[in-house]
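Predicted model follows, preceded by the sequence.
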Amino acid sequence: MAIRFCYSPAKQQLLTRYTYQQFYTFVLSGILLLLASFSSFAAKPKPFRTKNVIIVVIDGPRYSETWGNVPGYIPAMSARMRPKGVFFSNFLNDAYTYTNAGHTAITTGINQPIDNNGNELPANPSIFQHWLKSTGKPATAAWIITSKDKLNILGNTLHPDWQNKYLPSQNCGVNGPGSGYRADSLTLAVAKQILTRDKPNLVLINFMEPDGYAHAGNWDYYLKGISRDDRYVKQLWDFLRKNKNYKNNTTLLVTNDHGRHLDGIDGGWIEHGDNCAGCQHISLLALGPDFKKGRMVATQYTLVDIAPTIAWLLGFNFEQAQGHVIPDLFPKKRLKELNL
């Protein structure tokens, strides 16, 4: 026999109200959970648009002959390229101001006193090795292309866990180590050929003429070297913007390995290698799809900040660096998304 409960109208109304409250509470909770999930999804930062990074190192110009006197000998970079990117006027090599050490700071994120004749490998693995290991890509996806033959040392390391592993492809000097320096115009041509053929994602290009002519004591050709490299950088940037593999997804970083002595210090502009302002004061021009446009930055950064910034853009781990990601490259909204 079924048992029936009889309630007074007042009690029945109370129970009905209670049932509706439960229903509304359930629906509201569901909505809040849904909103929370959407909020969590929306808070996830968007991936960077950068898929490729090209580093250009103009070897050894003094700041007073470049960005300290614009447009001067660098009209392409200062007038045509700078408004499209971020320029750092207080960028330094604050450690060892000679070629191999400056390049090693760029590629390893660590300042190291290293033999300058090309007879010593860096003590630490490079961004090229870390990136190749993390992606599993072939050696042709990362390239070191340099006018100076001795910079072949950048591809390897003395570190026992990394030596002879995950090595990038290289094209250095006339024909590898010991073959001598080549003209920067030829290096640019080789770089374009490799970029077209192999479509690498991570590349370092060294232009050497300002440093080479300065060491030779030829002031006029030192200035011509600066002017030519300015044109070559612009030609490379135009190539990257037009090439379907690099258009709209490539970051270009243009910097120096060192400057030169101030006038009156140990031979002046002909030499370099100490901690004078002329040797330490260099520059960084950064252009890319994730960066601000037309910004001038006076905050001090150094060469060892380049590698962790590249690692962050390309999404691989690089904890070894002494430097840090450069936040002034990015819009404020992007920094907030990334909690930087």
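Right, received. Where do you want to start?

Doesn't residue 144 belong to a helix?
No - Residue 144: not assigned to a helix; according to DSSP: H, G, I helix; E, B strand; the rest coil it is strand.

Is it bridged to anything, and to what?
Beta-bridge partners recorded for residue 144 (DSSP bridges): residue 170, residue 204.

What are the neighbouring residues in contact with it?
When contacts are counted by Cβ atoms under 8 Å, 6 or more residues apart in numbering, residue 144 touches 128, 151, 152, 154, 155, 168, 169, 170, 171, 172, 203, 204. For glycine as for every other residue, the C-beta is placed from the backbone atoms N, C-alpha and C.

again, 10 Å this time
Applying Cβ atoms under 10 Å, 6 or more residues apart in numbering, we find residue 144 in contact with 55, 103, 107, 126, 128, 151-155, 167-172, 202-206.

Tell me where the model's unsure across the stretch 151-300 of the chain.
Along the stretch 151-300 of the chain, no part satisfies pLDDT under 70.

Walking through it, point out its helices one by one.
Using DSSP state H, counting those that start in this stretch, the helices found in the stretch 151-300 of the chain span residues 184-198, 209-215, 219-242, 277-280.

Can you show me the strands along this structure?
Using DSSP state E, the strands of the chain run over 52-58, 86-92, 142-146, 169-172, 202-207, 250-255, 281-287, 295-297, 301-302.

can you put the ones you listed in TSV and add distance to residue 224?
Shown next, in TSV, are those (distance: least, Cβ to Cβ, whole Å):
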stretch	distance to residue 224
strand 52-58	13
strand 86-92	23
strand 142-146	20
strand 169-172	23
strand 202-207	13
strand 250-255	18
strand 281-287	19
strand 295-297	27
strand 301-302	29
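
Quick one: closest of those to residue 180.
Checking the strands of the chain against residue 180 by Cβ to Cβ gives strand 169-172 as the closest, at 10.5 Å.

What is the burial count for the nearest residue to residue 307 once chain neighbours are set aside?
Nearest residue to residue 307 in three dimensions, chain neighbours excluded: residue 109, at 3.5 Å (Cβ to Cβ, 6 or more residues apart in numbering). Neighbour count of residue 109, defined by other Cβ atoms under 10 Å: 27.

Could you give the backbone dihedrals for residue 109?
Main-chain torsions, residue 109, degrees, to the nearest 10: phi 70, psi 20.

pretty sure it contacts residue 123?
No - counting by Cβ atoms under 10 Å, residue 109 sits too far from residue 123 to count as a contact (12.0 Å).

which residues of the stretch 1-150 of the chain score low on pLDDT?
The stretch 1-150 of the chain contains residues with pLDDT under 70 at 1-45.

Surely residue 135 is in contact with residue 168?
No - using Cβ under 10 Å, residue 135 is not in contact with residue 168, being 11.9 Å away.

which of those two has more neighbours?
Shown here are residue 135 and residue 168; by other Cβ under 10 Å, residue 168 has more neighbours (25 against 16).

how much space between the more buried one and residue 130?
Noted for residue 168: a distance of 11 Å to residue 130, by Cβ to Cβ, to the nearest Å.

Common neighbours of these two, please.
Common neighbours of residue 168 and residue 130, using Cβ under 10 Å, 6+ apart, are residue 202.

can I see the domain layout of this structure?
Per the record, the chain has its domains at 10-41, 52-338, by automatic domain parsing.

residue contacts, the closest residue to residue 139 other than its chain neighbours?
The shortest distance from residue 139 to any residue other than its chain neighbours is 4.8 Å, reached at residue 169 (Cβ to Cβ, 6+ apart). Residues in contact with residue 169 (Cβ under 10 Å, 6+ apart) are 128, 138-145, 155, 194, 198, 200, 203.

farthest pair in those residues?
Once Cβ to Cβ is applied, the contacts of residue 169 give 138 and 145 as the farthest pair, at 16.6 Å.

Compare the two and say which is more crowded by neighbours.
Higher neighbour count among residue 138 and residue 145: residue 145, with 24 against 12, using other Cβ under 10 Å.

how close does the more buried one sit to residue 154?
Counting by Cβ to Cβ, the gap from residue 145 to residue 154 is 11 Å.

again, but for residue 323
Distance from residue 323 to residue 154, by Cβ to Cβ: 17 Å.
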